[in-house]
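*Asks:* need coordinates for the below:
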Amino acid sequence: WQSGEQHTLSITGADGQPAGMLTYLLTESVNETGNREWVLERTVDSLGLQEFITVKMSEAGFRPKSSFLERSSQDGQESVDAQYNGAQVDMELNTRRNVMTVQRVSVPSDARDMTTLPMILRGLPLARGYATQMNLFLPIAGQLERVTVRVTGEEEITVPAGAFKTWAVDVESRDAVSKLWFAQAAPHQLIKYQDGRNKAVFELTDYQAE
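*Replies:* Numbers count the residues shown, from 1 in each chain. Got it, this is the predicted structure:
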């Protein structure tokens with residue numbers, strides 16, 4: 001990862017029509033205790049829905065410390081504030097009807113925030129035959145999943161940002177398989193992503209690094 005790097009991806013819906021834009025911004029900083037950490041900001045603007053997520057992670061292992069989501073549409077606004085504390089996550093949820101609830105969920109201590117998965121995969125030693133498993137937690141759904149990550153091959157991929165030689169990666173959960181493609185050459189950008197559940201396709205349109 002490089003502090004200040006930003007991926008911008010176009011979104012195509014399951015119907016094959018343009019559906020908006022997605023951005024990832026990574027920043028390295030120092031927290032209030034003097035420890036270095038990474039901050040991931042993900043922004044989605046799609047078909048009248050605006051979603052902004054900030055995840056703070058430890059520098060070593062990218063383990064989440066906190067996550068904040070704010071989602072807005074014509075139906076109103078909702079938010080989820082999650083604090084990761086070892087083997088548990090404490091969440092404060094505010095609904096579109098302005099109802100606030102709190103929830104505590106037990107998770108494995110090695111769980112990562114699901115929002116960070118595409119960026120974490122970039123940092124793995126991807127190679128032919130590589131495979132691993134990860135625990136992922138999605139605060140807005142209170143959902144824990146154990147997924148299998150597997151490199152399925154090498155592919156030449158062309159997206160709006162250009163042509164890339166990539167590693168093709170499958171992420172298999174209990175009910176879906178998502179597919180991601182990462183540039184083989186550093187800085188190993190996220191080139192393309194196909195969501196296994198909603199069938200949306202994300203393609204890199206621009207990559208910037210300070």
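
*Asks:* ranges for the helices of the protein?
*Replies:* All helices of the chain, identified by DSSP state H, fall at 117-122.

*Asks:* each with direction, which strands does the longest strand anywhere in the chain pair with?
*Replies:* Assignment by DSSP state E gives strand 143-159 as the longest strand of the chain. Its sheet considered, strand 143-159 pairs with strand 131-138 (antiparallel), strand 162-172 (antiparallel) by DSSP bridges.

*Asks:* could you find the closest non-adjacent residue to Glu8?
*Replies:* Quick fix: residue 8 is Thr, not Glu. Asp206 (4.3 Å; CB to CB, 6 or more residues apart in numbering). Glycine gets a C-beta too; all of them are placed from N, C-alpha and C.

*Asks:* tell me how many other residues crowd the one you found.
*Replies:* Asp206 has 13 neighbours, counted by other CB atoms under 10 Å.

*Asks:* and Thr158, by the same measure?
*Replies:* 11.

*Asks:* coming back round to it: and the longest strand of the chain, how far from the chain's centre?
*Replies:* 13 Å (CA atoms, centre = their mean, to the nearest Å).

*Asks:* go on, stretch 112-124?
*Replies:* The answer for stretch 112-124 is 6 Å, by CA atoms, centre = their mean.

*Asks:* endpoints of that stretch, how far apart?
*Replies:* Terminal residues of stretch 112-124 are spaced 14 Å apart (CA to CA, to the nearest Å).

*Asks:* one more: stretch 66-84?
*Replies:* Terminal residues of stretch 66-84 lie 6 Å apart, using CA to CA.

*Asks:* give the buried residues for it.
*Replies:* Across stretch 66-84, burial judged by 16 or more other CB atoms under 10 Å covers 66-69, 71, 78-84.

*Asks:* ok, stretch 176-191 next?
*Replies:* With burial defined by 16+ other CB under 10 Å, the residues of stretch 176-191 counted as buried are 178, 180-183, 188-191.

*Asks:* contacts for it, please.
*Replies:* Identification of contacts with stretch 176-191 by CB atoms under 8 Å, 6 or more residues apart in numbering yields 1-2, 5, 7, 9, 24, 118-119, 121-123, 126, 154-155, 157, 159, 161, 164-171, 192-197, 202-204, 207, 209.

*Asks:* pick out the residue nearest the middle of the chain.
*Replies:* Nearest to the geometric centre of the chain sits Thr115, at 3.0 Å (CA atoms, centre = their mean).

*Asks:* residue contacts, it?
*Replies:* 40, 42, 53, 55, 67, 138.

*Asks:* do the same with Ala168
*Replies:* 151-155, 179-181.

*Asks:* same check, this time on Thr54
*Replies:* With CB under 8 Å, 6+ apart, Thr54 has these contacts: 39-41, 67-68.

*Asks:* low-confidence ranges, this structure, go.
*Replies:* Under the criterion pLDDT under 70, no range of the chain is flagged.

*Asks:* tell me the spacing between the closest residue in space to Ala161 that isn't next to it in sequence and Asp110.
*Replies:* What sits nearest to Ala161 in space, not counting adjacent residues and going by CB to CB, 6+ apart, is Leu204, at 4.3 Å. Distance, Leu204 to Asp110, by CB to CB, to the nearest Å: 29 Å.
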